[in-house]
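S.K.: Quick check, what structure comes out for this input:
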Amino acid sequence: MTRREQIIQILTKEEKSAQQLANDFHVELFEILEDLKHIKYSIKPKKLVMKPAQCRKCRFKFKERSKVKTPSKCPRCRSEWITASLFRVE
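M.R.: Residues are numbered from 1 along each chain as shown. Okay, the predicted model is just below:
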């Protein structure tokens, strides 16, 4: 079974961030981000659902963001204290 198939299987059961997946598979974060981009388009009719990242300081939610990578700064308060996006497959 490929890593992408394993990721789909994991995300069907539970919600995880990209960093948690990278830690589980002992690979770099950018590899998981590439896998998630590919999975997003390849699992039709299922969907990769992303719970948006959120600023921990002012609670701003990155709802309109379509990128899978976690943002670096909050546009409202410029804080770098950002929670990671969580992913799941439905």
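S.K.: Which element, helix or strand, includes the residue in the chain sticking out farthest from the centre?
M.R.: Among residues of the chain, the one most distant from the C-alpha centroid is Cys77; the distance is 22.4 Å, by CA atoms, centre = their mean. Counting by DSSP states H and E, no helix or strand carries Cys77.
S.K.: Use 307 as the first number for this chain going forward.
M.R.: Right, with 307 as the first residue, what we last looked at is Cys383.
S.K.: dump the residue contacts of it.
M.R.: Cys383 makes contact with 361, 363-364, 366, according to CB atoms under 8 Å, 6 or more residues apart in numbering. For every residue, glycine as well, the C-beta is placed using N, CA and C.
S.K.: How many neighbouring residues does the nearest residue to Arg382 once chain neighbours are set aside have?
M.R.: The shortest distance from Arg382 to any residue that is not its chain neighbour, by CB to CB, 6 or more residues apart in numbering, is 4.6 Å, and that residue is Phe366. The tally of other residues near Phe366 (other CB atoms under 10 Å) stands at 18.
S.K.: correct me, but Phe366 touches Cys380?
M.R.: Yes - contact between Phe366 and Cys380 holds when scored by CB atoms under 8 Å: they sit 5.3 Å apart.
S.K.: on that earlier part again, and the residue farthest from the centre of the chain, backbone torsions?
M.R.: The phi and psi torsions at Cys383 (degrees, to the nearest 10) take the values phi -110, psi 0.
S.K.: Apart from its neighbours in sequence, what residue is nearest Phe331?
M.R.: Leaving out its chain neighbours, Phe331 is closest to Arg309 (CB to CB, 6+ apart), at 6.1 Å.
S.K.: and the longest helix for the chain?
M.R.: Looking across the chain with DSSP state H, the single longest helix is helix 335-348.
S.K.: what's in contact with that one?
M.R.: Surrounding helix 335-348, the residues in contact under the criterion CB under 8 Å, 6+ apart are 309-310, 313-314, 324-325, 327-328, 331, 354, 374-375, 393, 395.
S.K.: Now, those residues that are in strands?
M.R.: Cross-referencing the contacts of helix 335-348 with the strands (criterion: DSSP state E) gives 354, 393, 395 as the overlap.
S.K.: Select only the buried ones of those residues in ChimeraX?
M.R.: This is how ChimeraX selects the buried members of these, with burial counted by 16 or more other CB atoms under 10 Å:
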select :354,393,395
